[in-house]
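Visitor: everything below, folded, please.
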Amino acid sequence: MRVILMLTLVAAVGQIAGAQDKDKPLPVTFSLTGSEMYKTWCASCHGTSGKGDGPAASDLKTMPTDLTMLAKKNGGKFPTDRVRSYIEGATVAPAHGSRAMPVWGTFVRQMGDDKAATYRIVTLANYVEGMQAK
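Guide: Numbering: from 1, shown residues only. Presented below is the predicted three-dimensional model:
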């Protein structure tokens, strides 16, 4: 069973990575902690502190969002549903043109069942909420 799960995961990662960028496969983490998922999936662009200054940020056409300012830009309230929707891949900002950020919802859903994927998305959004500037 474990071997089948690993082979399925490897195939899923290959398919998703190919759809996103053929030269850069998406990193994998089996951790369910917000900090580990953020470090693995988000920090390369958004930076470890969430300010949009990750090591890959300068290679992007559009600078990554400063995740620490989301609540401030939303009248002091963290936009939980919008952040979850963006991570999920349901929301695309038309002004940004094509979506540069990988669709993590699709990725995590291919890693396991739907409940585990939803848990990862909620946990990651909660971690980003904890990064908000005071």
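Visitor: following the lowest-mean-pLDDT helix or strand in the chain, which helix or strand shows up next?
Guide: Scoring the helices and strands of the chain by mean pLDDT, DSSP states H and E places helix 2-20 at the bottom, with a mean of 37. Using DSSP states H and E, the helix or strand that follows helix 2-20 towards the C-terminus is helix 34-41.
Visitor: put the alpha carbons of the helix or strand that that next one is followed by into CSV.
Guide: Using DSSP H and E, the helix or strand that follows helix 34-41 in sequence is helix 43-46. Below are the C-alpha coordinates for helix 43-46, written out as CSV (Å, rounded to 0.1, in the frame of the first residue of the first chain):
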residue,chain,number,x,y,z
ALA,A,43,9.2,30.9,1.2
SER,A,44,11.2,30.6,-2.0
CYS,A,45,9.0,33.5,-3.4
HIS,A,46,7.4,35.1,-0.4
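Visitor: right, I'll call it a day here.
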